[in-house]
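S.K.: okay, here's the prediction I keep looking at, along with the sequence it came from:
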Amino acid sequence: MRSTVMQPLSHVKLVLALHVIAVFDGVVGFSALPAAITHETTTSSFVSPHSMRFHHVHFAKTSDDSEGDEAPLSDSDDEDWRAFRAKLVLSEGTASGSPSSSSSPTERPGDGLIVDDSDLDGIGAVFSDSEGSSGSIASQSKFVLPPGFTPLDPSQWAYDSGKVIEKGAVILGGVEQDFGFGLRQQYFHKAVILVIDHDENKFTKGIILNRPSEKVLADDVNKGVEWRVWFGGDVQGLDSILPDIVCLHSLKSEEATIVSEIVMKDIQWTTFANAKSLVKRGVASVQDFWLFAGYAGWGPKQLSGELDRKSWYMCATDSQTLLKELARQSSGVDPRDAGLQTWELLMNMIGRGEKATQVSGQFDDLMLKEWGRGNLLLKGGGYNDIGVAKNPLWGAGVGFSEMDMNEESVDSLMKQAKGLITADELTAGTLLRASSAERSPFLLQKQEFHKSLVLIVIENEKGTVGIMLNHPAAKGLEVKNNRGERSSIIPLRYGGDFSVKGVNPVMWLHCSQQLRDSGVGTPFAEHQHGGIYVCNQDEAVDAISRNAAEPHNFLVVSGLCVWPKLGGSLGSEVKKGIFEVVPQSNIEHVFQILQKQKVLSAGSLDTNVQLSQDAWREAATGNSAAKPETSDVLTVGIGEGFDEEDDSFVFNSSKKVSDLANDALKKWIATFLLGSPTLA
């Protein structure tokens, strides 16, 4: 047997008094009850760490013991062993903390919402069973709730469980790391994840509970029935060939429990196939289930490492708290709020409310809301899938069943794919600027392409290769003149993430008619007249050394961008307006603005970003005096005159989406090119 160290239990005075530290079969410690105990039990005044119950004290006998004929224990017993442990933790917490009063039993702290237990969608009789009981934990407790503990109901509880990972635990998204989830995987920001399976040496599986969506799944068993489906995680979601659908419920019938896996008291999960079957047999209704598509997964010891880096907080809580939050989110909560209130509630309950308040409404919150707009609404949020190959058979997962694809629909999809492949081809030497749409297609991913300038260097039947021109990195190349004196530092620019065999990863570019006339460099295409030329380092250094060129005449770019023809060609993105072709007459002016950028540093960050945006605007207008974009000041909450349906603002905020995209680009540059995410 193995003991589990409980965190945080800094003092063990009361544990000795309550006889919960046991020495039995060589085990010393306080241990979590396994998912299912197969040992027989006998009543005793002695408590084994594997058999803690609230009313009756038991200890577990090994398989070698033959006495006793009681039924084996499991997580479905009437009394929740986690509740007993919570009582000990909360009692210990009051030993050194000052007393605080809790909120009223039915008032939700912070929003004045009165919970009507008789009208909660999908919970069935679970509340009437637990709340009506005079033996609830809170009513029998003699201790005062510690500071920061704000239950929704006397029988509800939650506490910070340190680094204890177990089935039924809740993982809360952390907010103390320098690099959060604002730029990547926004759905993990302030996530509330229920652990439904855990083995430290193998795998941990959890589902995100606070990402309700408007999407529905068709039912191929029950005619005319639709199931609302929530975002459960990024592994095997609705864009997967084989989506993983987890159906949570609190049903107590034998028909339901026999096909379900217990997570914690009053919360079980089953498969989508089983849920449809239960509805077909009339022993359950669609409203009894919450469906989650996809899950979050961690490999051996991976989650423990992320806890050490403060990427997450571990929370232990009761089933009522989770079920009531699921019910609240099911009825009228806008998916664009992305479940932030649920996270804030649990943070308050575990005593981290001050930290939650400090980070409310910041960059990562706004990015999460935009992710919710694009991924949780029924009609989507206007974002394009950039560089992500979605499975065409499942698409966004709206209204499909597991067996509704036929020959005609496959033919239609193949024709659409062929249309993308044969989109109008581009030519090497073409300069592109990223979309000028108010809602940038690069807000949620690949932020480096927001307001980017991309030069096509290779175009063939296999794909398109390009380089970004407007991102100086934190490195430079020192160039000296023919007398050996220091001449200048040329910024080395980030061109993309890739390198291509046979293509020089570092390119020297110029856009000078004088250098073209003197034979420095070559065009990217035979028919190209004027525009940007490419040369190698030796050519450029030779031209500088003989005073035929100045160092600032050149842009030096390292790295490439690649768009395969199959799976989303660059030509198709131009056709959809994701990129726009820059007129030949504007290229020289654009190049001259980019030449003013410096090697990236904390001091040059703002200037470089501004020059990049100036060049981007010049690419379209040919007028460098064009009116610059204004930046609204971010305010938390809804300001005067706020229009909830104004798509130019992030939902429930006074932040313009266009300004948020600019912030995201600056954040990307500070994080990935400068290595200082806190600068932006």
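M.R.: Okay, I see it.

S.K.: poorly predicted segments of the protein, please.
M.R.: Counting by pLDDT under 70, the chain has low-confidence residues at 1-154, 380-425, 481-487, 567, 621-645.

S.K.: longest helix of it?
M.R.: For the chain, the helix with the greatest residue count under DSSP state H is helix 605-621.

S.K.: show me where the stretch 551-680 of the chain has strands.
M.R.: Under the criterion DSSP state E, counting those that start in this stretch, the stretch 551-680 of the chain contains strands at 554-558, 561-564, 579-581.

S.K.: which one of the ones you listed lies closest to S260?
M.R.: Checking the strands of the stretch 551-680 of the chain against S260 by C-beta to C-beta gives strand 561-564 as the closest, at 43.7 Å. From N, CA and C alone the C-beta is placed, and that goes for glycine too.

S.K.: still on that earlier bit, which stretch among the strands of the stretch 551-680 of the chain comes nearest D234?
M.R.: Going by C-beta to C-beta, the one of the strands of the stretch 551-680 of the chain nearest D234 is strand 561-564, 22.6 Å.

S.K.: just the buried positions in that closest one, please.
M.R.: 561-563 (16 or more other C-beta atoms under 10 Å).

S.K.: quick one: these as a markdown table, columns for distance to W157 too.
M.R.: Shown next, in a markdown table, are the buried residues of strand 561-564 (distance: C-beta to C-beta, whole Å):
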| residue | distance to W157 |
| --- | --- |
| C561 | 52 |
| V562 | 53 |
| W563 | 53 |
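
S.K.: nearest to G374, of those residues?
M.R.: Using C-beta to C-beta, the buried residues of strand 561-564 come closest to G374 at W563, 21.6 Å.

S.K.: which residues does that closest one form a beta bridge with?
M.R.: T464 (DSSP bridges).

S.K.: so what's it up against?
M.R.: Counting by C-beta atoms under 8 Å, 6 or more residues apart in numbering, W563 touches 463-466, 569-570, 573.

S.K.: also A473?
M.R.: 491-494, 558, 599-600, 673.

S.K.: just A284 next, same as before
M.R.: Applying C-beta under 8 Å, 6+ apart to A284 gives the contacts 249, 251, 253, 255-256, 275, 278.

S.K.: of those residues, keep whichever come out buried.
M.R.: Buried among the contacts of A284 (16+ other C-beta under 10 Å): 249, 251, 256, 275, 278.

S.K.: what residues are bridge-paired with the first one?
M.R.: On the basis of DSSP bridges, H249 takes part in beta bridges with Q268.

S.K.: you'd agree it is up against F289?
M.R.: Yes. Counting by C-beta atoms under 8 Å, H249 touches F289, with 5.0 Å between them.

S.K.: which among the contacts of A473 end up buried?
M.R.: 491-494, 558, 599-600, 673.

S.K.: can you put those residues in a markdown table and add distance to H552?
M.R.: What follows is the buried ones among the contacts of A473, written out as a markdown table (distance: C-beta to C-beta, whole Å):
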| residue | distance to H552 |
| --- | --- |
| P491 | 10 |
| L492 | 14 |
| R493 | 13 |
| Y494 | 19 |
| S558 | 18 |
| V599 | 13 |
| L600 | 16 |
| L673 | 20 |
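
S.K.: what's S488 in contact with, if anything?
M.R.: Per C-beta under 8 Å, 6+ apart, neighbours of S488: 478-479, 550-552.

S.K.: helix or strand for it, just tell me which one.
M.R.: strand 486-494 (DSSP states H and E).

S.K.: sheet partners, orientation included, of that strand?
M.R.: strand 472-480 (antiparallel), strand 554-558 (parallel).

S.K.: against which helices or strands is the next helix or strand after that strand packed?
M.R.: Sequence-wise, the next helix or strand downstream of strand 486-494 (DSSP H and E) is strand 506-510. Contact here means 3 or more C-beta pairs under 8 Å, 6 or more residues apart in numbering; DSSP states H and E; on that basis strand 506-510 packs against strand 533-535, helix 537-545, strand 554-558.

S.K.: which SSE is immediately downstream of strand 506-510?
M.R.: Taking DSSP H and E as the definition, the helix or strand right after strand 506-510 is helix 513-517.

S.K.: which parts of that following helix are buried?
M.R.: So for helix 513-517, counting by 16+ other C-beta under 10 Å, buried means 515-516.

S.K.: what packs against it?
M.R.: By 3+ C-beta pairs under 8 Å, 6+ apart, helix 513-517 packs against no helix or strand.

S.K.: what sits up against it?
M.R.: Applying C-beta under 8 Å, 6+ apart, the contact partners of helix 513-517 are 521, 530, 533, 543, 548-549, 553.

S.K.: CA atoms of that helix as PDB?
M.R.: Once non-C-alpha atoms are left out, helix 513-517 reads as follows in PDB (Å, rounded to 0.1, in the frame of the first residue of the first chain):
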ATOM      1  CA  GLN A 513      18.000  50.600 -58.500                       C
ATOM      2  CA  GLN A 514      21.700  51.600 -58.300                       C
ATOM      3  CA  LEU A 515      22.700  48.200 -57.000                       C
ATOM      4  CA  ARG A 516      20.500  46.500 -59.600                       C
ATOM      5  CA  ASP A 517      22.300  48.500 -62.300                       C
END
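
S.K.: give me the sheet partners of the very next helix or strand once past that helix and which way each runs.
M.R.: Next along the chain after helix 513-517, taking DSSP H and E as the criterion, comes strand 522-523. When pairing is defined by DSSP bridges, strand 522-523 lines up against strand 533-535 (antiparallel).

S.K.: you'd agree A525 is in a strand?
M.R.: No. Assessed with DSSP: H, G, I helix; E, B strand; the rest coil, A525 is coil; it does not lie in a strand.

S.K.: isn't it right up against I456?
M.R.: No. Judged on C-beta under 8 Å, A525 makes no contact with I456 at a distance of 9.1 Å.

S.K.: which residues touch the closest residue to Q447 other than its chain neighbours?
M.R.: Nearest-residue entry for Q447: W668, 4.1 Å, with adjacent residues in sequence omitted and distances by C-beta to C-beta, 6 or more residues apart in numbering. By C-beta under 8 Å, 6+ apart, the contact set of W668 is 183, 447-448.

S.K.: can you count the residues close to Q341?
M.R.: 18 (other C-beta atoms under 10 Å).

S.K.: ok, back up a step: for G351, which of the helices and strands packed on strand 506-510 is the nearest?
M.R.: Nearest of the helices and strands packed on strand 506-510 to G351, taken as C-beta to C-beta: strand 554-558 at 48.2 Å.

S.K.: quick one: contacts of that closest one?
M.R.: 467-469, 473, 477, 490-495, 505-510, 540, 591, 594-595.

S.K.: report the buried members of those residues.
M.R.: Buried, going by 16+ other C-beta under 10 Å: 467-469, 473, 477, 490-495, 507-510, 540, 591, 594-595, out of the contacts of strand 554-558.

S.K.: which residues are common contacts for A525 and I456?
M.R.: With C-beta under 8 Å, 6+ apart as the test, A525 and I456 both reach 427-429.

S.K.: among the residues you listed, which one has the most neighbours?
M.R.: G429 (23 neighbours).

S.K.: before we move on, the earlier item: return the member of the buried ones among the contacts of A473 nearest to L209.
M.R.: L673 (35.8 Å).

S.K.: any idea how far the closest one is from N274?
M.R.: 50 Å (C-beta to C-beta, to the nearest Å).

S.K.: try A670
M.R.: For A670 relative to N274 (C-beta to C-beta), the value is 48 Å.
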